[in-house]
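A.B. asks: A predicted structure for the sequence below; I have some questions about it.
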There are 2 protein chains.
Amino acid sequence: MILYFITRNKHKLIEIDNILKQIVPTVQLQIFNNVRKIEIQHNNLREIVKFAVQTATRYITNKPFIIEDAGLFINALKGFPGPFSHYVYKTIGIKGILKLMENVENRTAYFKSVIGLYFNDDIHIFEGVAEGVISRKARGEYGFGFDPIFIPQGCSKTFAEMRLEEKNMHSHRGKSARALALFLKETMPTFS
Amino acid sequence: MILYFITRNKHKLIEIDNILKQIVPTVQLQIFNNVRKIEIQHNNLREIVKFAVQTATRYITNKPFIIEDAGLFINALKGFPGPFSHYVYKTIGIKGILKLMENVENRTAYFKSVIGLYFNDDIHIFEGVAEGVISRKARGEYGFGFDPIFIPQGCSKTFAEMRLEEKNMHSHRGKSARALALFLKETMPTFS
């Protein structure tokens, strides 16, 4: 079965695909390019994803698909950059976040990933959270976005110092993708 | 004639109303509370406003209304915070912007306001831009948002050090509101 993924981010595709392959190898993830993902401005990733899935159903019908949104929430910055992480990454970037965090003692933060699945006329939501801290310096070459400054709880490496499998073990997206994969596995008999 | 304004920001209402009163006193601006303004994540304020107006027409029919969106675009920060100014104000705030601008020589920035008018089944867009610089410190008590750190070109005061009329003379919203008011004045005979 083909599961479409409305995204322009190949990193996300690779991360989610790696987990689906292990848990539900019969599901093949494919990027769906023809639909624009419409993101509203909202503090809540769940609402953003629900709205994006609902909007996409106007253009992609009778096909199961997913949309994912994620954000880095820094506690000392009242959750900034949160749902606007992509825009903030493209503008002030990692350098800007490290500057905002200069002399800030509380470095706790979390990454959150929300996957919205459209399947059988229903929307199913899967969430994953990775708690951690903001590093003092950017480290590592792997991954994307704010990965070089996020150290997940219990680890000494940043996400960007981890290869795909290791990051997926700890990451927000690894968790939301596993929840999606388990749901697909369970409903597989009804999934044509 | 009543012109509805979909907003929760009373400052914006007062600023636009002040200009309408002078140019088209027969138009009465009223906040319309029952509709949520749906804002998409987009780099372009025009697109955000158009989408918001289109979405609102599903709920408010046969009544002329406006929606306004504005942002502060700082050149050294690649346009940040831009269309996300409200969210950035609520999280890292003025303190965060000043920290990002520490030791930054190029302090040029602009405020932009886009008003979308829904009238006779058409959407009309009015824009206003105020060029200026980011101050070294926050100054002033008037206005709202990032007004205390923005000094418009040719002035020594920040927006927050100006009373309503003076700010309106220089401000992005003053300019977009004047363009709206002139349009309404011209089309008034057809406006019932």
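C.D. replies: Structure received.
A.B. asks: Which secondary structure state does A:R36 sit in?
C.D. replies: State at A:R36, reduced to three classes by DSSP: H, G, I helix; E, B strand; the rest coil: coil.
A.B. asks: From B:E47, how far off is it?
C.D. replies: Noted for A:R36: a distance of 11 Å to B:E47, by Cβ to Cβ, to the nearest Å. The C-beta positions use only the backbone N, C-alpha and C, and glycine is treated the same way.
A.B. asks: looking at this, A:H11 is in a helix?
C.D. replies: Yes. Under three-state DSSP, A:H11 falls within a helix.
A.B. asks: That one against A:F144, yeah?
C.D. replies: Yes. Contact status for A:H11 versus A:F144: in contact at 4.3 Å, counting by Cβ atoms under 8 Å.
A.B. asks: can you pull out the helices in chain A?
C.D. replies: A:10-23, A:45-56, A:85-91, A:93-100, A:164-170, A:172-187 (DSSP state H).
A.B. asks: Out of those helices, which gets nearest to B:F32?
C.D. replies: helix A:45-56 (21.3 Å; Cβ to Cβ).
A.B. asks: how far does the closest one sit from the chain's center?
C.D. replies: Chain-centre distance of helix A:45-56: 14 Å, with Cα atoms, centre = their mean, to the nearest Å.
A.B. asks: Output the contacting helices and strands for that helix.
C.D. replies: Judged by 3 or more Cβ pairs under 8 Å, 6 or more residues apart in numbering or on different chains; DSSP states H and E, helix A:45-56 is in contact with strand A:65-74, strand A:108-119, strand A:122-134.
A.B. asks: Ok, which of those strands comes nearest B:A181?
C.D. replies: Closest approach to B:A181 among the helices and strands packed on helix A:45-56 is made by strand A:65-74 (39.3 Å; Cβ to Cβ).
A.B. asks: The residue of chain A positioned farthest from its centre and chain B: what is the separation?
C.D. replies: Within chain A, A:N103 marks the point farthest from the mean C-alpha position, 28.8 Å out by Cα atoms, centre = their mean. Distance of A:N103 to chain B, given as Cβ to the nearest Cβ, to the nearest Å: 10 Å.
A.B. asks: Distance check, that residue against A:R8.
C.D. replies: A:N103 sits 36 Å away from A:R8, going by Cβ to Cβ.
A.B. asks: Make a markdown table out of the helices of chain A and add mean neighbour count and distance to B:F126.
C.D. replies: Shown next, in a markdown table, are these (neighbours: other Cβ atoms under 10 Å in any protein chain shown; distance: least, Cβ to Cβ, whole Å):
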| stretch | mean neighbour count | distance to B:F126 |
| --- | --- | --- |
| helix A:10-23 | 18 | 38 |
| helix A:45-56 | 20 | 27 |
| helix A:85-91 | 20 | 25 |
| helix A:93-100 | 18 | 32 |
| helix A:164-170 | 17 | 47 |
| helix A:172-187 | 20 | 41 |
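A.B. asks: Could I get the contacting residues of A:Y4?
C.D. replies: A:30-32, A:60, A:63-66 (Cβ atoms under 8 Å, 6 or more residues apart in numbering or on different chains).
A.B. asks: Flag the shaky bits of chain A, pLDDT-wise.
C.D. replies: For chain A, residues meeting the criterion pLDDT under 70 lie at A:189-192.
A.B. asks: Show me which residues of it sit near chain B.
C.D. replies: Chain A has residues A:38-41, A:43, A:48, A:51, A:77-84, A:87-88, A:90-92, A:96, A:99-100, A:102 near chain B, with proximity defined as Cβ under 8 Å from any Cβ of the partner chain.
A.B. asks: Please point out which parts of stretch A:150-158 sit buried.
C.D. replies: For stretch A:150-158, a neighbour-count test (16 or more other Cβ atoms under 10 Å in any protein chain shown) marks A:150-152, A:155, A:157-158 as buried.
A.B. asks: Provide the contact partners of that stretch at residue level.
C.D. replies: Against stretch A:150-158 from outside (Cβ under 8 Å, 6+ apart): A:72, A:109, A:111, A:130-135, A:138-140, A:147-149, A:159, A:162, A:166, A:170-171.
A.B. asks: ditto for stretch A:121-128
C.D. replies: With Cβ under 8 Å, 6+ apart as the criterion, stretch A:121-128 contacts A:46, A:49-50, A:53-54, A:112-117, A:171-180, A:183.
A.B. asks: let's see 7 Å
C.D. replies: A:46, A:49-50, A:53, A:112-117, A:172-176, A:179-180, A:183 (Cβ atoms under 7 Å, 6 or more residues apart in numbering or on different chains).
A.B. asks: Next, the buried residues of it.
C.D. replies: When burial is assessed from 16+ other Cβ under 10 Å, stretch A:121-128 yields the following buried residues: A:124-126, A:128.
A.B. asks: Repeat that for stretch A:70-82.
C.D. replies: So, applying 16+ other Cβ under 10 Å, buried residues of stretch A:70-82: A:70-74, A:76-77, A:79-82.
A.B. asks: Can you name the two of those that sit furthest apart?
C.D. replies: A:A70 and A:A76 (19.8 Å).
A.B. asks: From A:F111, how far off is the closest residue to A:Y89 other than its chain neighbours?
C.D. replies: Nearest non-adjacent residue to A:Y89, counting by Cβ to Cβ, 6 or more residues apart in numbering or on different chains: A:G145, 5.3 Å away. Plainly put, A:G145 is 9 Å away from A:F111 if you go by Cβ to Cβ.
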